[in-house]
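Student: The following block contains a protein sequence and its predicted model.
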Amino acid sequence: MLPSLTLLLVFQLTGEIISRSFDLPVPGPVIGMILLFCALVLRGGPNDDMQETSHGILQHLSLLFVPAGTGVMVHLTRVGNEWLPLLASLLVSTLLTLGVTALVMCFCKRLQRKSA
């Protein structure tokens, strides 16, 4: 498990270095995740150790929401003061996500029909 966690953190650190070096508006962990995805595609997928580690992390994913919830509670007055922009951004981002997901699903179904 330790080598897989180290690999995940190395990719996250690499993404953070790239993001800060080039002053990109994309968070470092997102860049690291893209790099990890590319590496796994080139490698032919994750090995058994990486799969076990990933499943272990996903089983305890709810623990990662504790710091976010704590941050919201610390800044509760700010959330109360800016509730309208927050609500609007949540609604717009949710609708955009649903729309993009639907378009990707339609695209995948067309590809599947063509290959069959």
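Tutor: All right, it came through fine.

Student: so where does the residue nearest the centre of the chain fall, helix or strand?
Tutor: Geometric centre of the chain, nearest residue: Val30, 6.2 Å, by C-alpha atoms, centre = their mean. Taking DSSP states H and E as the definition, Val30 sits inside helix 28-43.

Student: Please parse the protein into its domains.
Tutor: 1-59, 63-116 (automatic domain parsing).

Student: Give me the distance between the two termini of the first one.
Tutor: The reference is to domain 1-59. From its first residue to its last, domain 1-59 covers 14 Å (C-alpha to C-alpha, to the nearest Å).

Student: so how far is the helix holding Val30 off the chain centroid?
Tutor: Helix 28-43 sits 11 Å away from the centroid of its parent chain (C-alpha atoms, centre = their mean, to the nearest Å).

Student: Kindly report the same for stretch 99-116.
Tutor: 22 Å.

Student: Only alpha carbons, please: show that stretch as PDB.
Tutor: Extracted as PDB, the C-alpha positions of stretch 99-116 are listed here (Å, rounded to 0.1, in the frame of the first residue of the first chain):
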ATOM      1  CA  GLY A  99     -25.900  18.600 -19.500                       C
ATOM      2  CA  VAL A 100     -22.300  17.700 -20.200                       C
ATOM      3  CA  THR A 101     -22.900  14.200 -18.700                       C
ATOM      4  CA  ALA A 102     -25.900  13.700 -21.000                       C
ATOM      5  CA  LEU A 103     -24.000  14.800 -24.000                       C
ATOM      6  CA  VAL A 104     -21.100  12.500 -23.200                       C
ATOM      7  CA  MET A 105     -23.500   9.600 -22.700                       C
ATOM      8  CA  CYS A 106     -25.100  10.300 -26.100                       C
ATOM      9  CA  PHE A 107     -21.700  10.400 -27.700                       C
ATOM     10  CA  CYS A 108     -20.700   7.100 -26.100                       C
ATOM     11  CA  LYS A 109     -24.000   5.400 -27.200                       C
ATOM     12  CA  ARG A 110     -23.300   6.600 -30.800                       C
ATOM     13  CA  LEU A 111     -19.800   5.200 -30.700                       C
ATOM     14  CA  GLN A 112     -21.100   1.900 -29.300                       C
ATOM     15  CA  ARG A 113     -23.700   1.600 -32.100                       C
ATOM     16  CA  LYS A 114     -21.100   2.200 -34.700                       C
ATOM     17  CA  SER A 115     -18.800  -0.400 -33.400                       C
ATOM     18  CA  ALA A 116     -21.500  -3.100 -33.100                       C
END
